[in-house]
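> after the sequence you'll find the predicted model.
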Amino acid sequence: MATIQASFCSASFSSSSSRKTKVTFHSQNFESSHLSVPRLLVNELNQRNGSPNLTATSSEILEVKPLFDNRKRSSLGDSVSDSNFVQELYAIMEIVADRIEMHNNIKAQRDNWNVLLLNSVNGMTATAAIMAGLASISGSGPSILSLKISSSLLYMAVTGIVLVMNKIQPSQLAEEQRNASRLFKKLHEEIKTTLALKTPVTSYDVKVTMEKVLALDKAYPLPLLGTMIEKFPQIVKPAVWWPEEEPKCHDHNMSDKFERNGWNENLEEELKEVLCVMKGRDSAEYARLSNMVLKVNKVLAFCGPLLTGSAAIGSGLIGLPGFGSWGAVLGVVLGALGTVVNSLEHGGQVGMVFEMYRSSAGFFKLMEETIESTLKEREVGDRENGELFEVKVALQLGRSLSELRDLASASSLSSRIQQAKEEFASKLF
């Protein structure tokens, strides 16, 4: 009986020892996998403890662990990359907000330039004309000489200031900054929409946004010297504030994924008809208006300094023998005409009107390029959603969807060609 109990205790002790050894080794084995223990050492320990099946387990642990780490690193890399692109977009958005403030400040400054310079020019011109009139009735002596010289100097100063104003066109500069501020605000909202709706943000989004910022900087420069937009161009071109569109890489499976993506043949034909109307009426009309205002501005810019310069000469001729009262007439009358011309040009802000028409022509050119590039895209899945695109086009033209479709159908009917030609696509401008 004692023998049986001893053997039973021995067996129990050996089995518990074996279990304890296996459990202890298993925990050691598990820890070794985390500590990157060499596989030969693991196999040797397994053989000593008589547990060959743990070798496979240890091997599996050692082999599976790196795969899990790789997947984890890959997912972490993607998330880190996406986070970097998001941070870059936020940084660009901050810069765009700063651009908006800069253009607003400079717009206010150049508006002040236009008002203050015009008031100064008109005041100096009126003073010079009064002095010329007083000189003609003062007889002779030192008084007439001082009045003549003062009047001529004022007229020459006015001529110089008007030449500078005609060169830089302060009202047009202010309109440029006003347009730049509006377009930067629009870009700011586009970035916010991208961050809110698009997941994940890619490097392409960052690249396109940076190109838009740089294109706006180039289209509406801040300095006056060197990079200022030509105020009297030989050929009027629409304002361009967007980067050139690069060809896209097509994924042929996208069309199956997105099906028709809101597009159909009727919508494409509708947009083609609207495009024809914009090219035939809106773009042509604003190009004509831009050329007409530019010609008027050129005439006024030439006549203003000519009149004040002639008035300066007339004031200098007052009292000279052989000229009689003609010097005073020239000094007073030409000075008054110069005041009228300068007030029309800068008080009427003809340069601003020219820039407004040029910017409107650029707006229609951008719409035309957008519609054309969208329709040229063969893969429907790569296009913007058709229904959303139609809504955008309609609202940009100041129309409802039904009015946009009526415009397209009217321009496509042969019996209503004349009516379609007389109707503009846009109701905003």
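Received the coordinates, thanks. Note that the structure is a prediction, hence the values are computed from the model and not measured.
> and L407, what pLDDT?
At L407, the pLDDT value in this model is 86.
> S373: what's it in contact with?
With contact set as CB atoms under 8 Å, 6 or more residues apart in numbering, S373 has these partners: E245. In this view, the C-beta of every residue, glycine as well, is placed from N, C-alpha and C.
> check the offset of the helix or strand hosting it from the chain's centre.
S373 belongs to helix 350-376 when elements are defined using DSSP states H and E. Counting by CA atoms, centre = their mean, to the nearest Å, helix 350-376 is centred 14 Å from the centre of its parent chain.
> just the helices in the chain please.
2-34, 39-48, 53-136, 142-168, 170-197, 203-219, 254-258, 265-277, 284-316, 326-342, 350-376, 386-396, 401-412, 417-422 (DSSP state H).
> for P243, which of those is the nearest?
Closest of the helices of the chain to P243 is helix 203-219, at 4.0 Å (criterion: CB to CB).
> any idea of the angle the closest one forms with helix 170-197?
170 degrees (axes from the mean of the first three to the mean of the last three CA atoms, to 10 degrees).
> buried sites along helix 203-219?
D205, V206, V208, T209, K212, V213, A215, L216, A219 (16 or more other CB atoms under 10 Å).
> care to break this protein down by domain?
Following automatic domain parsing, the chain resolves into domains at 2-51, 69-230+264-422.
> least reliable of those by average pLDDT, please.
domain 2-51 (a mean of 43).
> and S146, how close does it get to L153?
11 Å (CB to CB, to the nearest Å).
> of these two, which one has the most company?
Neighbour count, other CB atoms under 10 Å: between S146 and L153, L153 has more, with 16 against 13.
> show me what contacts the nearest residue to P233 once chain neighbours are set aside?
Nearest in space to P233, with sequence neighbours left out and distances taken as CB to CB, 6 or more residues apart in numbering, is L294 at 7.6 Å. L294 makes contact with F232, P233, V236, F354, according to CB under 8 Å, 6+ apart.
> pull the number of nearby residues for the closest residue to the last one other than its chain neighbours.
Think F354. Sequence neighbours aside, V293 is the residue nearest to F354 in space, at 4.4 Å (criterion: CB to CB, 6+ apart). When neighbours are counted by other CB under 10 Å, V293 registers 20.
> thinking V293 is in contact with Y357, fair?
Yes: if you go by CB atoms under 8 Å, V293 and Y357 touch, sitting 6.0 Å apart.
> spit out the residues that contact the two alike.
Residues touching both V293 and Y357 (CB under 8 Å, 6+ apart): there are none.
> residue contacts, the closest residue to N166 other than its chain neighbours?
Excluding its sequence neighbours, the residue lying closest to N166 (CB to CB, 6+ apart) is A301, at 4.0 Å. A301 makes contacts with N166, F232, E345, as judged by CB under 8 Å, 6+ apart.
> tell me how far A301 lies from K218.
Applying CB to CB, the value for A301 to K218 is 26 Å.
> how about N105?
Counting by CB to CB - N105 and K218 are separated by 20 Å.
> check Q109 too.
From Q109 to K218 the distance is 21 Å (CB to CB).
> L224 too?
Taking CB to CB, one finds L224 at 16 Å from K218.
> next, count neighbours for E273.
E273 has 20 nearby residues by other CB under 10 Å.
> cool, and Q234?
Neighbours of Q234 under the rule other CB under 10 Å: 6.
> and if you look at L225?
So L225, with other CB under 10 Å, has 6 neighbours.
> torsion angles phi and psi at it?
Here is the backbone geometry of L225 (degrees, to the nearest 10): phi -100, psi 130.
> which ones are touching it?
With CB under 8 Å, 6+ apart, L225 has no contacts at all.
> that one and V341, how far apart?
27 Å.
> swap in V115?
According to CB to CB, V115 stands 18 Å off from V341.
> which one of the two has more residues nearby?
A direct count of neighbours by other CB under 10 Å for V115 and V341 places V341 higher, at 20 against 14.
> isn't the more buried one up against C303?
Yes: in this structure, V341 is within contact of C303 by CB under 8 Å, at 5.0 Å.
> for E345, which non-adjacent residue is closest in space?
Leaving aside its chain neighbours, E345 sits nearest to L300 (4.0 Å; criterion: CB to CB, 6+ apart).
> count of residues packed around that neighbour?
Using other CB under 10 Å, L300 has 19 neighbouring residues.
> ok, now which ones touch it?
L300 touches V341, L344, E345, V350, counting by CB under 8 Å, 6+ apart.
> closest to S120 out of these?
Nearest to S120 among the contacts of L300 is E345, at 14.9 Å by CB to CB.
> that closest one: what's it in contact with?
Residues counted as contacts of E345 (CB under 8 Å, 6+ apart) are N166, N297, L300, A301, G304, G351.
> residue contacts, I371?
Counted by CB under 8 Å, 6+ apart, I371 has contacts L271, V274, L275, V393.
> check the gap between it and L275 for me.
Where L275 is concerned, I371 sits at a distance of 5 Å (CB to CB).
> now swap in L187 and tell me
Taken as CB to CB, the span from L187 to L275 is 25 Å.
> go on, D82?
37 Å.
> more crowded one of these two?
L275 (19 against 14).
> so who does that one touch?
Residues near L275 by CB under 8 Å, 6+ apart: E368, I371, E372.
> nearest to L407 among the residues you listed?
The nearest member of the contacts of L275 to L407, counting by CB to CB, is I371 at 13.6 Å.
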